[in-house]
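Colleague: Take this sequence and fold it.
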Amino acid sequence: TGSDLGVFRLRHDVLKHKPDLLFVEFAVNDGGASPHRIQQAMEGIVRQTYAADAETDICFVYTLVAGWTKTLRDGKFPRAASAMEAVADHYGIPSIHMGLEAAKMEGEGKLIFTAAKPKTDLEKTAIGDKIIFSPDGVHPYTDTGHELYLQAVVRGMEAIRKAGKPRMHVPGEPLVADNWQAAKMVALDKANLSEGWQKLDASRHSLAKRFGNRMPDLYFTNQPGESITIRFKGTGLRIYDLLGPDCGQVFVKVDSKEGKIVPRFDAYCTYHRLAMLTAAENLPERVHTVKLQVHPEQPDKAKILAKRSQKIDDPKRYDDTAWYAGAILLIGEIVE
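Modeller: Down below sits the predicted model:
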């Protein structure tokens, strides 16, 4: 998930633990987002953190994926990291790009970015005299990719300690006026839920237990027409939810506008994972009503899975119109 979910998660997952030092990394998952959206969320993270505790230090760190290494060797940052650097510069936040050494080594012929471990020696992540960085072009091997990332942070922290002194962080004017400092996570029971919803018990339901450290609660329905209705004053609203094999589609209607169908199933839905349904964004600052209903039709799951050469293994796992909702993600205030 990207910084657009991170900014809503921040208080629940991070700030309540009162960190002294916060590392922020969304460079890879923000790769497809616009620079302005990235800056809205990243600046929101910064300003929320400083508002909670002005003594908390922040460091931006950037990772990379296959295909970005040449950009780094050319002396440039990929787009997402560049957008984040503008926020870092504005607030005097240090940053560490953890992938520079890997990019350099690949250019020198010392590193293969993406390859499976040789089957002849599973303890050795190398082909000949070249080390292998990652099995999938994203997630590093522990003994090679993660080691390069670790050493980048060690070098960076040594330089950061020499460059500055502890201080209070009192932010001035924002970089982007419409930043998401006001982003928050609100319990789903603040909404009007139709009668067909059930709150899952984390002691008995596997998904509620599995995601209990992230979501305040987890609610479930699979009945078409069951709904969530929310009145709020603000500019944006999302639902923190799950995608998965049994999930269907949601019909979203904002105020009197024409509604839209939003699938809760994608090409990675061979398992359940955290997600975010964007119901409304960039709205005028006034009172709005959002209604979300379970749609009666399933998406074409076989066709969607085929995009990644996946197949439906067990039809019973996929044959449903389920929706799992955990919380309201809000830029604004609930109107009772």
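
Colleague: pLDDT value on the nearest residue to residue 137 once chain neighbours are set aside, please?
Modeller: Of all residues not flanking residue 137 in the chain, residue 66 sits nearest, at 3.4 Å (Cβ to Cβ, 6 or more residues apart in numbering). Bear in mind the C-beta positions are built from the backbone N, C-alpha and C, glycine included. pLDDT, residue 66: 92.

Colleague: try residue 125
Modeller: 89.

Colleague: got any ranges where the stretch 201-336 of the chain has weak pLDDT?
Modeller: Residues of the stretch 201-336 of the chain meeting the criterion pLDDT under 70: none.

Colleague: would you list every one of the strands in it?
Modeller: 219-221, 227-243, 249-254, 260-263, 273-280, 286-294, 323-334 (DSSP state E, counting those that start in this stretch).

Colleague: The last one vs strand 286-294, what angle?
Modeller: Strand 323-334 and strand 286-294 are oriented at 170 degrees to each other (axes from the mean of the first three to the mean of the last three Cα atoms, to 10 degrees).

Colleague: Packing partners of strand 323-334?
Modeller: helix 3-13, strand 183-187, strand 219-221, strand 227-243 (3 or more Cβ pairs under 8 Å, 6 or more residues apart in numbering; DSSP states H and E).

Colleague: For the ones you listed, give me CSV that also has mean neighbour count and distance to residue 278.
Modeller: CSV is the format used below for those (neighbours: other Cβ atoms under 10 Å; distance: least, Cβ to Cβ, whole Å):
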stretch, mean neighbour count, distance to residue 278
helix 3-13, 22, 8
strand 183-187, 20, 13
strand 219-221, 20, 19
strand 227-243, 21, 5
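
Colleague: okay if I get these as CSV plus distance to residue 44?
Modeller: Output for the helices and strands packed on strand 323-334, formatted as CSV (distance: least, Cβ to Cβ, whole Å):
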stretch, distance to residue 44
helix 3-13, 4
strand 183-187, 5
strand 219-221, 26
strand 227-243, 11
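
Colleague: I am finished for the moment; much appreciated.
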